[in-house]
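**Student:** no FASTA, just this:
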Ligand code: ZN
Ligand code: ZN
């Protein structure tokens, strides 16, 4: 069927079915939210994704980069557009109190079982991408080219995108013209945020072991206490950003975990620290990593340790760099659909993302944006009261809970608008 709107505006035509599929998408979201899986263990999620893609007529390859799923739908000659969603949850115990809250557990890399939650909203990314693919597959007369859907594992480890590339992703799907992806954020639903150039921080994960000499808690003079050594190190690390990085630059040093000892009257042998570093330039990154190494070693010396600390670089995320032309083109479509005021530049974000690998490894342009997941009324009230930090929980919080209704619809519309900004004209175009 050819309507006037189909001829004048492919997006309007493609979005006609959104109202009809929304209830099913919203229950899919709640199901994914209730069943989160840790990085590289996304087997249930991958199974659901693969079944949906087959249903929609995509050629599907499973097990790409261990648990990744790739779907390809071609509609004649035209650009190849890669649409990406990540699938993994986090080792967080959910405290949202939602009817569809997670009570799932999973076994982490340390072999220990613990609670799992979709605390970063990757369940929303999967839902919105499946929704956009459903709409695109249902309106093939409105576009031409190839849609490549990439459902990526293990974003939270920073290794999932690389795993898919190493497993031959681009041999499978060819080189895309553009890589498009989105992340739900604690801003009002309907708001889109995107920044050209360096947009998200590079991230480094460090594991540090500091060695003391254990003994009886009553005789500290016979020991080298690694608890005091670690405590002093944590405090001194707070000076890296405040005293060694220029006020015009940005970096973050967080000690997210500290472990030592078993009992009050035993001085343990060692202490372990887990550090997270965020930076936007190679120079700042080097300054921060050098300073961490210097401080950790110096605190061990200051404590009289017999043995040098061990500092291991466990994982690194590259800086996410958005292609300026790709941002112009994609955000032009967002402004036309959501309105000028709804599309903002959020500034540099200290979060990290490995979606950049997919662009860097293929040579494609990258456009990665944020879309709001907060109830607009709740957000406005909290902003007025200066209580955003408390009332609008952010990603990775045990209270993170995107509002389902407007967020799913907005995320589907954003992904669909972005895809159509790159695909060729359809038979009805
Ligand atoms: Zn995350
Ligand atoms: Zn995330």
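**Tutor:** Received the coordinates, thanks. A quick note: this is a predicted structure, and the numbers were derived from the prediction, not measured. Ligands and ions are numbered 1, 2, ... in the order given.

**Student:** is residue 93 in a helix, a strand, or coil?
**Tutor:** coil (DSSP: H, G, I helix; E, B strand; the rest coil).

**Student:** not counting residues beside it along the chain, what's closest to it?
**Tutor:** Nearest non-adjacent residue to residue 93, counting by C-beta to C-beta, 6 or more residues apart in numbering: residue 115, 3.8 Å away. Heads up, the C-betas are built off the backbone N, CA and C, glycines and all.

**Student:** need the contact list for that neighbour.
**Tutor:** 91, 92, 93, 94, 102, 103, 104, 105 (C-beta atoms under 8 Å, 6 or more residues apart in numbering).

**Student:** secondary structure class for the fifth one?
**Tutor:** Assigned by three-state DSSP, the conformation of residue 102 is coil.

**Student:** please tell me I have it right and it contacts residue 38.
**Tutor:** No. Using C-beta atoms under 8 Å as the test, residue 102 is too far from residue 38 to be in contact (11.7 Å).

**Student:** residues that sit against both of the two, list them.
**Tutor:** 89, 116.

**Student:** what's the neighbour count on residue 59?
**Tutor:** 13 (other C-beta atoms under 10 Å).

**Student:** phi, psi for it please.
**Tutor:** phi -80, psi 120 (degrees, to the nearest 10).

**Student:** residue 137 is in contact with that one, correct?
**Tutor:** No. In this structure residue 59 lies outside contact range of residue 137 using C-beta under 8 Å: 12.0 Å.

**Student:** what about the residue nearest to residue 93, distance to residue 373?
**Tutor:** 21 Å (C-beta to C-beta, to the nearest Å).

**Student:** and if you look at residue 182?
**Tutor:** Look at residue 182 and residue 373: by C-beta to C-beta, they are 11 Å apart.

**Student:** how about residue 171, what does it touch?
**Tutor:** Going by C-beta under 8 Å, 6+ apart, the list of residues near residue 171 is empty.

**Student:** tell me both backbone torsions, phi and psi, for it.
**Tutor:** According to degrees, to the nearest 10, residue 171 has phi -70, psi -30.

**Student:** wait, a strand at residue 176?
**Tutor:** No. The assignment for residue 176 by three-state DSSP gives coil, which leaves it out of any strand.

**Student:** pretty sure residue 349 is in contact with residue 201, am I right?
**Tutor:** Yes. Counting by C-beta under 8 Å, residue 349 does reach residue 201; the two are 7.0 Å apart.

**Student:** which of the two has more residues huddled nearby?
**Tutor:** residue 201 (25 against 19).

**Student:** please parse this protein into its domains.
**Tutor:** Listed domain ranges for the chain are 4-200+319-425, 202-316 (source: automatic domain parsing).
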